[in-house]
Structures are given as structure tokens and as C-alpha cells.
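Student: Here's a sequence, model it:
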Amino acid sequence: MPIPTEPIGSIPRPTELMAGFQKFTAGQLSEAGLQALYDDAIRDTIERFEATGSPVITDGEQTKPSFATYPIHGLENLAPDGVVIPFADGHTRQLPSLTSGPFRYQTHALSYLTTAMTYANVPVKQAVIAPSAMSLLYPQQGIEGYPKEAFLEDLMREAETDIRECLQAGAYKVQMDFTEGRLSIKLDPSKSILRSFIDLNNAVLDRFSEEERAKIGIHTCPGGDEDSTHSLDVDYAELLPMLFELRAGNFYIQLASEQDRRRVLGIIKEHAPAGSKIFVGVIDPINPRVESPEEVKDRVLEAAEFISLDRLGTCDDCGFSPFGDDTSTARETAFDKVQARVEGTRMAEQELGLA
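Tutor: As a prediction, this is how the structure comes out:
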């Protein structure tokens, strides 16, 4: 009974791709030229991912503009004046806002998955954005002729399709990124926003069978961008009990960068739903220091004191470059950290008598 270990998603893009995208934006590179760079980046990412020994990989999100905005990139019914997300170091990210209906995804995650599967020799998981994050696109003042109720129906249909297509295509897992959960408590301590997020995400999850939900996971973290976070100061005790109301079979929980991991593990033990798989973060992507396999092993053994071995898995805290223009982490560092996660998890298996 090995301990499963999975990545979360993104890997920093090659410098050649970053430079090529800038040239494309400036009109100095053709679409075909950019696509060739994309193909090279995906192929190289998968080869290097597999070389780490990771039993499950992603495409590193090499062609996503960001983990959050991939479905809407290129839509014409958007304005650049949406919700602003502040990070601890002072920088911000801003979502667009919807200007008219109906709401449709411009890109579905299936396109990323099918490309990755043509290169991969091991199972591929696919990350999708949570519908709760996309719900933030609807402006507070409303849209004439397109009420929020109609928007939410369209959103739930698109989110369901995004997940279902990936499951039907053979994704190992489909991971719903829910980083806005912890942030919502910072913005609204009453948790009414969080409650609406949980209810919306569950309304989508309820469209899947129990067997399908066993292959769907929820990822939570305090955000990670340019070596900063947006909600690490929010107590996990405020989030996790409600997070575990989500009707998914897997939970991917940032933990390596927490100051008091044992306290968080105690909360997980108390509130995690029976039968769910709990993947604990053993790698901190925004810390430039590469963890040793021994350090990872110790974190796994610590988690095993609180989570039964048949339910325990490991992961990275977050993607290494969730926004496409983030260059704060070196590509080589990311793969070194992935390999440490894999090796450290295997060392823990041996010590626990599972290997």
C-alpha cells in the first residue's frame, strides 16, 4: 500500500517561452512560432517531470495564462476592472469583470490534457479552476438583461463540462483549485462569502456520481505568486471545517509552509470526511531552498500520526508558477523540489513498512 504523491500543477516556463510570448505580444513572432515554443515547453516539462520519478504528472500549465483565467482568456465580453487580489508583499492581481451575457468558457481544460497525454508515459492529472473563483467575474452592480441567477446557471454548466470532459478523456484526477476559499475569510470574516463558495462548488460536484467524485480533488492554499501569499495569515481553523463540506474524494492541503503543522493536522483529523484521501503539502514552492528527501520523509511521518495510511498522500503546497508571468522560482528548482517530494515519500513508505 504505497503512499500516493501528486503535483499540484504549474511549473515555471522556460525562458525561451517567456521571451517568445513577449515577442508574440509585440507582433514580432507568428502564432505558429509561439505554438512551436509551446510544444517544446510541454514536451520538455513532461520529460523532466517523468525523470523525477513522479508517478503522476501534469503539463506544468505551460500554455495557461494563469491557473485562474485560462477559461476566459480571449473573451470579448470582459472589462479589466474586476476584483483585486492583494498579496502580502504589496503586489496585486486583478480579475476582469463580465460585461454581458451569456457566460461561456473560451477554453476548456480538456485541450491541455489531451496535448499532455500525447507526450506522457505516466498518468496525467488536470487542474481546473473552481466555479467559486469564476463567480467573482459577475459585477456587483449586475448586468442588464442578464441576472446573476442566469449567470450562475451558465457557470455551473461550464464548470461541470470542464471537469467531465477531463474525466471522460482519462485524466488520472481532476483537481479543483480553490485558493479563494482562505482569502474569502480575510475579506469577509462573517464567512458568508465562503458559505456561498462552498454551496456553489457543491452544486457542481453534486452533478457527478460518487465514483466520479473519487477522482475529483479540492486544492486549498493561501495563494502563491512572486514568492508571496494572499492569505497565509488566515487561521486554517477558520477554513478547514467548512472546506471539508465539499463533496469531493480528495483534498490537497498546503501544509509545508504552515508554522504549526501539527495543529493543522489535528484539525484535519477532526474534520476530514470519512473515506476521503488527504494529500498534505510537503514542499514549499515559494521557498527557494530545496527540501531534502529526509526532510520530506519526516513531514510524511508526522502526518501519519494524524491521518491513517490508507488515506494519506503527499503533494506540493501549490503550483510553482500559477501565473504565467511569474519568474520568481527557477525551473530547475521546481524539478529538484518535485524529486525531493517523490524520494522523501518513498523513504517514508519504507520506514512505515509499506514498501
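Student: Mind checking which residue lies nearest the centre of this structure?
Tutor: In the chain, the centroid-proximal residue (Cα atoms, centre = their mean) is residue 177; its distance is 4.0 Å.
Student: For that residue, list the residues it contacts.
Tutor: 9, 67, 68, 127, 128, 129, 130, 133, 219 (Cβ atoms under 8 Å, 6 or more residues apart in numbering). Just so you know, the C-beta spots here come from the backbone N, C-alpha and C atoms, and that holds for glycine as well.
Student: in the sheet, who's paired with it?
Tutor: For residue 177, the beta-bridge partners are residue 129, residue 219 (DSSP bridges).
Student: Quick check: the gap between it and residue 32.
Tutor: Separation of residue 177 from residue 32 (Cβ to Cβ, to the nearest Å): 31 Å.
Student: What of residue 188?
Tutor: Between residue 188 and residue 32 the distance is 46 Å, computed by Cβ to Cβ.
Student: out of the two, which sits in the busier spot?
Tutor: residue 188 (13 against 7; other Cβ atoms under 10 Å).
Student: Surely that one and residue 194 touch.
Tutor: Yes: if you go by Cβ atoms under 8 Å, residue 188 and residue 194 touch, sitting 7.3 Å apart.
Student: Show the contacting residues for the closest residue to residue 109 other than its chain neighbours.
Tutor: Computed as Cβ to Cβ, 6 or more residues apart in numbering, the closest residue to residue 109 that is not its neighbour in sequence is residue 128, at 4.8 Å. Shown in contact with residue 128 (Cβ under 8 Å, 6+ apart): 109, 159, 162, 163, 166, 174, 175, 176, 177.
Student: one step back: so which of the contacts of residue 177 wins on neighbours?
Tutor: Most neighbours among the contacts of residue 177, by other Cβ under 10 Å: residue 127, with 29 neighbours.
Student: Using the three-state scheme, assign that one.
Tutor: With DSSP: H, G, I helix; E, B strand; the rest coil as the basis, residue 127 sits in strand.
Student: Please shift the residue numbers so they start at 36 in all later answers.
Tutor: All right, first residue 36 from here; so that's residue 162.
Student: how close does it get to residue 385?
Tutor: The value you get for residue 162 to residue 385, if Cβ to Cβ is used, is 30 Å.
Student: As a check, name the ranges of all strands in the stretch 236-385 of the chain.
Tutor: Using DSSP state E, counting those that start in this stretch, the strands found in the stretch 236-385 of the chain span residues 251-255, 285-288, 312-318, 347-351.
Student: Out of these, which is closest to residue 63?
Tutor: strand 347-351 (34.8 Å; Cβ to Cβ).
Student: Now the closest one - C-alpha only, PDB.
Tutor: Taking C-alpha atoms only, strand 347-351 is exported to PDB below (Å, rounded to 0.1, in the frame of the first residue of the first chain):
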ATOM      1  CA  LEU A 347      -2.600   9.700   3.300                       C
ATOM      2  CA  GLY A 348      -0.900  11.200   0.300                       C
ATOM      3  CA  THR A 349       1.600  13.900  -0.400                       C
ATOM      4  CA  CYS A 350       1.700  16.900  -2.700                       C
ATOM      5  CA  ASP A 351       3.400  20.300  -3.200                       C
END
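Student: Work out the gap between it and the centre of the chain.
Tutor: 13 Å (Cα atoms, centre = their mean, to the nearest Å).
Student: Buried ones in stretch 82-91, by neighbour count?
Tutor: Across stretch 82-91, burial judged by 16 or more other Cβ atoms under 10 Å covers 83, 84, 87, 89, 90, 91.
Student: residues contacting the first one?
Tutor: Put plainly, it is residue 83. residue 370.
Student: Assign it to helix, strand or coil.
Tutor: Following three-state DSSP, the label given to residue 83 is helix.
Student: Residue 53 now?
Tutor: helix.
Student: burial count for it?
Tutor: Per other Cβ under 10 Å, the neighbour tally for residue 53 reads 15.
Student: Let's see the distance spanning stretch 290-303 from one end to the other.
Tutor: End-to-end distance for stretch 290-303: 11 Å, by Cα to Cα, to the nearest Å.
Student: got the buried residues for that stretch?
Tutor: For stretch 290-303, the neighbour count (16+ other Cβ under 10 Å) marks 290, 291, 292, 293, 296, 299, 300, 302, 303 as buried.
Student: before we move on, what about stretch 108-126?
Tutor: Buried positions in stretch 108-126, judged by neighbour count with 16+ other Cβ under 10 Å: 110, 112, 113, 117, 118, 120, 121, 122.
Student: Over it, what's the mean pLDDT, rounded is fine.
Tutor: Summarised as a single mean, pLDDT over stretch 108-126 is 93.
Student: again, but for stretch 58-77
Tutor: 93.
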